[in-house]
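>>> What shape does this take:
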Amino acid sequence: MNPVDLFRLLSLAAIWGASFLFMRIIAPVIGTIPTAFFRVSIAAAGLLVILGLMRINWDFKGKLKTVMLLGVINSGIPATLYSVAAQVLPAGYSAIFNATTPLMGVLIGGLFFHEKLTAAKLGGVFLGLFGVGVLTRAGPVAFDLQLLMGAVACLLATTCYGFAGFLARRWLDQAGGLDSRLSALGSMLGATLFLLPLFGYSVITQPPASWGGLNVWLSLLGLGLMCTAFAYIIYFRLLSSVGPVKSMTTTFLIPPFGVLWGAMFLGEPLSMAHIYGGVLIAVALWLVLKPAGVKVAEVIAK
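Residues are numbered from 1 along each chain as shown. A predicted model of the protein is given here:
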């Protein structure tokens, strides 16, 4: 992975690391479907403005319907599932479960997309998951039905991400590929149209007791514009450059950034667990990202 792609990977992790904090603020106040709908619709509106100002060529190369369908899989459904999880799980727990995305990507790639399942990749994702658990150490949460529902919601979301990564590579990169900015816009438009009727039904049948105050709406703007619109531009560019499995490894770096933001802005304490977890995650990333021909023994010998 070249330095530019590595910078994109780290930037994406830093931005997405804040999304779980935003959802934890928003979802308990306005509810699951409104949180998911406002996230993708604000992102779509923001992308329309950004791309309009940039005066890009609005050529979807006949792939608009395809990228909108991809948006349902990659954004609409996961946004809803993570909003469900945010109702019952601490942000750190959602980040931990989100880190199963590379594992899902490796397994889905091997089972459905003829990707080679190497021992290094499998070892890397399992080691990364262990490192994330050590690092975030969100504290004991009683195992009950709510925790189980939140965990299942997160795991279903990461399964969607796993499929979407490979589908995007297959559907969008053929015939010359598609501009990452247009991929992000089409994805958000598809997710918005998917969630619009669900949002309307939820507002009519069970409106939120409160639409929140300034803190909630500032969090929604941060979630929609920065953590979704801008982040997906980076994501689709990274996906096209390094592939789905390597792109998914950004989820290993999301919990460390969540810890960093918590320490900087919320005064949350740090411990030796952060050092141990960071080392485990760094080794896991190397195992997944290293070129197929490079063996551990060869690197040690050098």
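>>> low-scoring pLDDT stretches of the stretch 101-250 of the chain, where are they?
Within the stretch 101-250 of the chain, the stretches with pLDDT under 70 are 135-143, 173-177, 245.
>>> Was I right to think residue 236 contacts residue 186?
No - using Cβ atoms under 8 Å, residue 236 is not in contact with residue 186, being 9.7 Å away. All C-beta atoms are positioned from the backbone trio N, CA, C, and that covers glycine.
>>> mind checking which helix or strand the closest residue in space to residue 223 that isn't next to it in sequence is in?
Distance criterion Cβ to Cβ, 6 or more residues apart in numbering; nearest residue to residue 223, sequence neighbours excluded, is residue 22 at 4.1 Å. Assessed by DSSP states H and E, residue 22 sits inside helix 3-30.
>>> residues of the helix or strand following that helix that come out buried?
Following helix 3-30 in sequence order, the next helix or strand is helix 32-54 (DSSP H and E). Residues of helix 32-54 classed as buried: 32-44, 46-47, 50-51 (neighbour count, 16 or more other Cβ atoms under 10 Å).
>>> Give me the nearest residue to residue 260, chain neighbours excluded.
That would be residue 17: by Cβ to Cβ, 6+ apart, it lies 7.7 Å from residue 260.
>>> distance of the one you found from residue 133?
The gap separating residue 17 from residue 133 is 16 Å, by Cβ to Cβ, to the nearest Å.
>>> Could you do residue 22 as well?
According to Cβ to Cβ, residue 22 and residue 133 sit 23 Å apart.
>>> Same drill for these two, tell me which one is more crowded.
Neighbour count, other Cβ atoms under 10 Å: between residue 22 and residue 133, residue 22 has more, with 24 against 16.
>>> Could you report the neighbour count for residue 267?
A count of nearby residues for residue 267, using other Cβ under 10 Å, gives 7.
>>> Strands along the stretch 151-300 of the chain, start to end?
Counting by DSSP state E, counting those that start in this stretch, the stretch 151-300 of the chain has no strands to list.
>>> before we move on, the earlier item: return the residues in contact with the residue nearest to residue 223.
Shown in contact with residue 22 (Cβ atoms under 8 Å, 6 or more residues apart in numbering): 219-220, 222-223, 227.
>>> can you put those residues in TSV and add distance to residue 167 and neighbour count?
Below are these laid out as TSV (distance: Cβ to Cβ, whole Å; neighbours: other Cβ atoms under 10 Å):
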residue	distance to residue 167	neighbour count
219	30	22
220	28	22
222	28	19
223	24	27
227	22	24
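>>> Tell me the one of those residues nearest residue 211?
Nearest to residue 211 among the contacts of residue 22, counting by Cβ to Cβ, is residue 220 at 10.2 Å.
>>> Let me know the distance separating the closest one from residue 272.
From residue 220 over to residue 272 the distance is 36 Å, taken as Cβ to Cβ.
>>> one step back: so which of the contacts of residue 22 is the closest to residue 59?
Distance ranking of these against residue 59, using Cβ to Cβ, places residue 227 first at 27.3 Å.
>>> And the closest residue to that closest one other than its chain neighbours, how close does it get to residue 41?
With Cβ to Cβ, 6+ apart as the criterion, residue 227 has its nearest non-adjacent residue at 4.0 Å, and that residue is residue 19. Noted for residue 19: a distance of 16 Å to residue 41, by Cβ to Cβ.
>>> again, but for residue 214
Residue 214 sits 19 Å away from residue 41, going by Cβ to Cβ.
>>> what do you get for residue 256?
Applying Cβ to Cβ, the value for residue 256 to residue 41 is 30 Å.
>>> Could you do residue 62 as well?
Per Cβ to Cβ, residue 62 is found 25 Å from residue 41.
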